[in-house]
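[1] Requesting a structural model of the entry that follows:
(one chain, ligands or ions: 2)
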Amino acid sequence: MTSLFEYAPAPESRSIVDIRPSYGLFVDGEFVDGTGTPLKTVNPATEEVLSEVATGSEEDVDRAVRAARRAFVKTWGPMRPADRGKYLFRIARLLQERAREFAVLETLDNGKPIRESRDVDVPLAAAHFFYHAGWADKLEHAGLGPAPCPLGVAGQVIPWNFPLLMLAWKVAPALATGNTVVLKPAETTPLTALLFAEICQQADLPPGVVNIVTGAGETGRAVISHPDVDKVAFTGSTEVGRSIARAVAGTEKRLTLELGGKAANIVFDDAPIDQAVEGIVRGIFFNQGHVCCAGSRLLVQESVHDEVVASLQRRIGTLRVGDPMDKNTDLGAINSAEQLARIRELTAFGETEGATCWQPDGDLPDRGFWFKPTVFTDVSPAHRIARDEVFGPVLSVMTFRTPDEAVAKANNTTYGLSAGIWSEKGSRILKVTDQLRAGVVWANTFNEFDPTSPFGGYKQSGYGREGGRQGLAAYLRSDS
Ligand code: NAP
Ligand code: MG
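    Numbering: from 1, shown residues only. Ligands and ions are numbered 1, 2, ... in the order given. Okay, the predicted model is just below:
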């Protein structure tokens, strides 16, 4: 893509990672064959097949749940909490030691820029293990009762947008609270979860504490509906979340759901415009917009609309779209052909419904799955691009005149995961934040994550929190 500055290519080497031609399931501390039909995982930037990965059938899931139950009863459950903490610290350190390997593998399998997997995904995944390692022997001080107890076996299903990081958000709190895990990674991005299984072996984690069962949606369904699973944790689409809530209803299972979003990013006329533009770019183009809390609805105060949009378009013109392994790349590949088709379908609606579409000049690579950073102006709140989650690099811009109108428009969504506010006025930030129905509200920044900070949604964005003290509650009971 043409850019203000030209850089020489700066490709990261892939030689650090050794991708096996095929992978089995990780059950009871070992890699074993799956009985389902294996799946191929591809590099979305090139469509190259990276590896063949086993599919877990109901029978395989049952084997994994039985291993997790045994580990819960015999080793992990009875273990001294401080010793559980030591294992988590060890895993965190191994993730750091092998960070480059994880970053390269994540970028190859997912399509996200190496700059992000290296600087965000992998360090944050390690941080989640460090943070929860510290909690392992202090749970009675978490404000969740004098002697909180683990639930047992956790069945966890995660999406493809932050494969290793979502694994860390699920596995670290589950283990720190004394539970054992059966986790299903997403079909298109299983490889870092399988490398994580190697880390579990390297850390000498007792067999069965972590089990990784790869496969498609059916494997996920087998995990969440297994009768011996005590806790279900799901991150993914609202549609699948709803079907999981139905499957779990009427059982003793505890459930947390982290689902979709359609966040408002609100820019007031007193905001520092250049800083806000950086935040808008980060809000919607980070990870190609494959972010549940992406700032996909930009609400700009009418008086600064033209200035903000002009400045934003100028800035987008400098973004580098292309080879995710290049250290200068800002936007990588769309994760799959299916996701690309969905983005195309929703943006086509934007044009037929009368919004104005803008994209920067320049070409996209010939092979792989790509979509240009896109801005829609003249958007009305009734348009589908203002209501539906695109889960891609597509921003919808709307305007407001008063703070009350901004709040009303921001809350006019079925979701409620996150929001952003840009203003120099602290009192306005606090007042507006208070009125927003969103689990996370960022002020003068966007897409900041920290393991100490609880994350989760209102309304159709799901329920339960991950991270912080609140996230521990999802894996503990305080009734005994
Ligand atoms: P998805 O289709 O809901 O898939 C999520 C996971 O569930 C995948 O592992 C998927 O397997 C599995 N799955 C599919 N059908 C299932 C079923 N019936 N029972 C159990 N598991 C099933 O979502 P996605 O397209 O991968 O991810 C994008 C969505 O996730 C977006 O809507 C986004 O907002 C949401 N998301 C939310 C958060 C959050 O924290 N709130 C974070 C990230 C993403 P396959 O991979 O084989 O389909
Ligand atoms: Mg892949």
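
[2] Name the next helix or strand downstream of the helix or strand bottoming out on mean pLDDT in the chain, please.
    Within the chain, no helix or strand scores below strand 462-463, which has a mean of 92 by mean pLDDT, DSSP states H and E. Downstream of strand 462-463, the next assigned helix or strand under DSSP states H and E is helix 468-473.

[3] Against which helices or strands is the helix or strand that comes right after that next one packed?
    Towards the C-terminus, the helix or strand next in line after helix 468-473, according to DSSP H and E, is strand 476-477. If you count contacts as 3 or more CB pairs under 8 Å, 6 or more residues apart in numbering; DSSP states H and E, strand 476-477 packs onto strand 149-150. The C-beta positions use only the backbone N, C-alpha and C, and glycine is treated the same way.

[4] Touching the strand it packs on from outside, list them.
    72, 77, 177-179, 475-478, 480 (CB atoms under 8 Å, 6 or more residues apart in numbering).

[5] Give me the pLDDT value at the residue most central in space within the chain.
    A centroid search over the chain (CA atoms, centre = their mean) returns F162, at 4.2 Å, as the residue closest to the centre. With respect to pLDDT, F162 scores 98.

[6] How about the contacts made by it?
    121, 287 are the contacts of F162 under CB under 8 Å, 6+ apart.

[7] May I ask which helix or strand encompasses G350?
    Going by DSSP H and E, G350 is in helix 337-352.

[8] quick one on the thing from earlier: can you list the strands that the least confident helix or strand of the chain pairs with?
    Partners of strand 462-463 in the sheet, by DSSP bridges, are strand 254-258 (antiparallel).

[9] Give the next helix or strand downstream of the strand it pairs with.
    Counting by DSSP H and E, what follows strand 254-258 is strand 264-267.

[10] Now do the buried residues in that following strand.
    For strand 264-267, burial by neighbour count (16 or more other CB atoms under 10 Å) applies to 264-267.

[11] and ligand 1, which of these reach it?
    Contacts with ligand 1 within the buried residues of strand 264-267, counted by CB under 6 Å from any ligand atom: none were found.

[12] With pLDDT added, can I get these in a markdown table?
    Listed next are those as a markdown table, based on pLDDT from 0 to 100:
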| residue | pLDDT |
| --- | --- |
| A264 | 97 |
| N265 | 98 |
| I266 | 98 |
| V267 | 98 |
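
[13] farthest pair in the residues you listed?
    A264 and V267 (10.1 Å; CB to CB).

[14] any common contacting residues for these two?
    Contacts common to A264 and V267, judged by CB under 8 Å, 6+ apart, are 298-299.

[15] partners of the residue in the stretch 1-150 of the chain that ligand 1 sits nearest to in the sheet?
    Here the residue of the stretch 1-150 of the chain nearest ligand 1 is L39; by CB to the nearest ligand atom that distance is 8.3 Å. Bridge pairing for L39 (DSSP bridges) gives the partners V53.
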